[in-house]
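Student: this one's structure only:
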């Protein structure tokens, strides 16, 4: 049984703990700076719009989305979706997150390689995340090494996606940090605080990538492909 396997927990727990710490840190950081009003008085939506206009990016709409920190940029629809706490609020947290998502729109407009690669990987990564466990462990149960290897390949796509996400997110934050000041959205003294929110958010992607890599290592060891046991 999977949940009775000590090796599974040895690989799973470090990733889970790191993900929990990162999630708590980003939420606390966002909450802290959501109480700090930007001197410009811009809301997150206004800041994102200003950044796009100043950068010459057109054809991107900005919409209010549901959920807490559900903010994202959809390159297929050319839509920047911001959660209510970001869309409507004139806080440093809201501006930092909104400008980060606008950074993805800039990447898209400039055909940033890593964003294009991540977008290409989305379908396979989705399949890998949803079906790799089932295929892998069914293969172990049936004694089918072919199924085990298919499960590993499927999950590898999800791992690759999480790794490719890192430069995409880091670059979007770097663009946001620069544009927030150059576009007059925040002053130099406010930029560090807004950037702190983005740095905290980036840690969640690092935690996700580490967790995915550890899971893949477990799969490889459990299958015997890295010299572990296979039973």
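Tutor: Right, received. Where do you want to start? Nothing here was measured: the structure is a model prediction, and the numbers come from that model.
Student: how about the strands in the protein?
Tutor: Secondary structure of the chain (DSSP state E): strands located at 61-64, 72-74, 79-82.
Student: Near residue 224, how many other residues are there?
Tutor: By the criterion of other CB atoms under 10 Å, residue 224 has 14 neighbours. Any C-beta I mention is one placed from the backbone N, CA and C, and that applies to glycine too.
Student: cool, residue 88 as well?
Tutor: By other CB under 10 Å, 15 other residues sit near residue 88.
Student: Would you mind measuring from it to residue 43?
Tutor: Using CB to CB, to the nearest Å, residue 88 is found at 6 Å from residue 43.
Student: Equivalent analysis for residue 154, please.
Tutor: Distance, residue 154 to residue 43, using CB to CB: 41 Å.
Student: tell me, what residue is most central in the chain?
Tutor: For the chain, the residue sitting closest to the mean C-alpha position, by CA atoms, centre = their mean, is residue 205 at 4.8 Å.
Student: can you pull the contacts of that one?
Tutor: The contact partners of residue 205, by CB atoms under 8 Å, 6 or more residues apart in numbering, come to 162, 165, 166, 169.
Student: just these now: which is nearest residue 71?
Tutor: Among the contacts of residue 205, residue 169 lies closest to residue 71 (CB to CB), at 12.2 Å.
Student: so the closest one makes contact with residue 202?
Tutor: Yes. At 5.7 Å, residue 169 counts as touching residue 202 under the criterion of CB atoms under 8 Å.
Student: Please say which of those two ends up with more neighbours.
Tutor: More crowded of residue 169 and residue 202, by other CB under 10 Å: residue 169, with 22 against 18.
Student: which stretches of this protein aren't confidently modelled?
Tutor: Residue ranges of the chain with pLDDT under 70: 1-4, 227-231.
Student: swap the cut-off to 90 and go again
Tutor: Along the chain, segments meeting pLDDT under 90 span 1-13, 15-16, 67-69, 140-141, 188-189, 222-231.
Student: Tell me where it has helices.
Tutor: Assigned by DSSP state H, the chain shows helices spanning 6-33, 44-54, 84-87, 92-109, 113-142, 145-182, 188-223.
Student: List the buried residues for the shortest one?
Tutor: Looking back up the chat, that one is helix 84-87. 85, 86, 87 (16 or more other CB atoms under 10 Å).
Student: Give the burial count for the spatially closest residue to the second one that is not a sequence neighbour, as a bare number.
Tutor: If I follow you right, that is residue 86. What sits nearest to residue 86 in space, not counting adjacent residues and going by CB to CB, 6 or more residues apart in numbering, is residue 44, at 4.0 Å. A total of 30 residues lie near residue 44 under the criterion other CB under 10 Å.
Student: wait, what's in contact with the closest residue to residue 64 other than its chain neighbours?
Tutor: Using CB to CB, 6+ apart and skipping residues adjacent in sequence, the residue nearest residue 64 is residue 87, 4.6 Å away. By CB under 8 Å, 6+ apart, the contact set of residue 87 is 43, 44, 45, 62, 64, 65, 94, 98.
Student: and if you look at residue 91?
Tutor: Contact partners of residue 91, counting by CB under 8 Å, 6+ apart, are 33, 34, 35, 36, 37, 38, 44.
Student: which two in the residues you listed are spaced the farthest apart?
Tutor: With CB to CB as the measure, no two of the contacts of residue 91 lie farther apart than 35 and 44, at 14.6 Å.
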